[in-house]
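Undergrad: Here is my input, please return the structure:
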Amino acid sequence: MAKHPILRKIGRRGTFLLFLTILDYIYAFSLVFPSPNSVIQPTYSFLAAVLPLEIWAMLWAVVGTICLVYAFKKDDSPGYAVAMFIKILWAVIFLLGWLWADVDRGYLSATIWGAFAGVLGIIATWPDEIKMRHE
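TA: Next comes the predicted model:
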């Protein structure tokens, strides 16, 4: 099976960072432009009490941009580090929201984001044959 030209250039790890870029940008967008129903939910109230939603969105967008840049670099570990950071931060925020605020099922979001950060940690250790050939 032929590989996509981007995959041939940046490898699987870089390609995965591009998927993270999309995820982080969309999440940032959702924080800047929440639906009318979501802004009245305790989760959004809790997030906004910790930091304004625009700041959260900017943080997610910055992480997405770092993932985008490092997708094309030989050493992509900073991209994975910031991707894990934001997901761990989000897991902790939701866990705290569940424990001390009225964030319904915050434990579930904490588990999902924490598990995703763990997956990123595993992927970050995998060698990428494309990038190894260029060493």
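
Undergrad: so what secondary structure elements neighbour the helix or strand encompassing Ala48?
TA: Element membership of Ala48 [criterion: DSSP states H and E] is helix 42-50. Applying 3 or more Cβ pairs under 8 Å, 6 or more residues apart in numbering; DSSP states H and E, we find helix 42-50 packed against helix 53-71, helix 77-100. From N, CA and C alone the C-beta is placed, and that goes for glycine too.

Undergrad: how about a cut-off of 7 Å?
TA: The helices and strands touching helix 42-50, judged by 3 or more Cβ pairs under 7 Å, 6 or more residues apart in numbering; DSSP states H and E, are helix 77-100.

Undergrad: Would you mark the buried spots in the helix it packs on?
TA: Residues of helix 77-100 classed as buried by neighbour count (16 or more other Cβ atoms under 10 Å): 79-80, 82-84, 86-88, 90-91, 93-95, 97-98.

Undergrad: ok, so of the residues you listed, who is nearest Leu59?
TA: Minimum distance to Leu59 across those is 6.7 Å, recorded for Ile86 (Cβ to Cβ).

Undergrad: Report the spatially closest residue to the closest one, excluding sequence-adjacent ones.
TA: Nearest residue to Ile86, sequence neighbours excluded (Cβ to Cβ, 6 or more residues apart in numbering): Val63, at 4.6 Å.
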